[in-house]
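1. got a structure for you, letters missing:
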């Protein structure tokens, strides 16, 4: 038995269910046009996990995938269309959208791609122009 915290998540209709366990590698908000368009919102809240920390517990055959680029494999429920997560193979991480794990204690630590923001958020959390250097970005900060 594991002593790691575990949280359950699901799509909009509940056909797809999953768990995340342990702690995410990072949490924050993405302001890029791609995430905004995909989420149909002005900002997307993310939690980044190692792939082995994400386990599908129901409805794996109901998961659809769209690859806009080789960097992102966006996943959704084929029954309700509810968005689930995005796999980022080059980074070795899976972005599980914060909204689909309701009991997870989301604590954002960074805003990424803030240069593309359409909704300015003044929350004291660091704002990066693009991505951290370790993920191929400039690591440059921006003012709120």
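-> Received, thanks. Small disclaimer: the values here were computed from a predicted structure and weren't measured.
2. C-alpha only now, for contacts and for neighbours.
-> Will do.
3. now residue 47, nearest residue through space, not along the chain?
-> residue 27 (4.4 Å; CA to CA, 6 or more residues apart in numbering).
4. wait, residue 90
-> Closest to residue 90 by CA to CA, 6+ apart is residue 71, at 6.3 Å.
5. can you show me the helices along this protein?
-> Applying DSSP state H to the chain gives helices spanning 33-39.
6. I'd like the distance between the residue nearest to residue 90 and residue 43.
-> In this view, residue 71 and residue 43 are 19 Å apart by CA to CA, to the nearest Å.
7. please apply the same query to residue 88.
-> Remark: distance between residue 88 and residue 43 (CA to CA) = 18 Å.
8. and the two? Which one has more around it.
-> residue 43 (22 against 18; other CA atoms under 10 Å).
9. what's the neighbour count on the residue nearest to the more buried one when sequence neighbours are not counted?
-> Distance criterion CA to CA, 6+ apart; nearest residue to residue 43, sequence neighbours excluded, is residue 31 at 5.1 Å. Residue 31 has 25 neighbours, counted by other CA under 10 Å.
10. residue 31 and residue 116 touch, don't they?
-> Yes. Between residue 31 and residue 116 there is a contact under CA atoms under 8 Å: 5.9 Å.
11. alright, that wraps it up for me.
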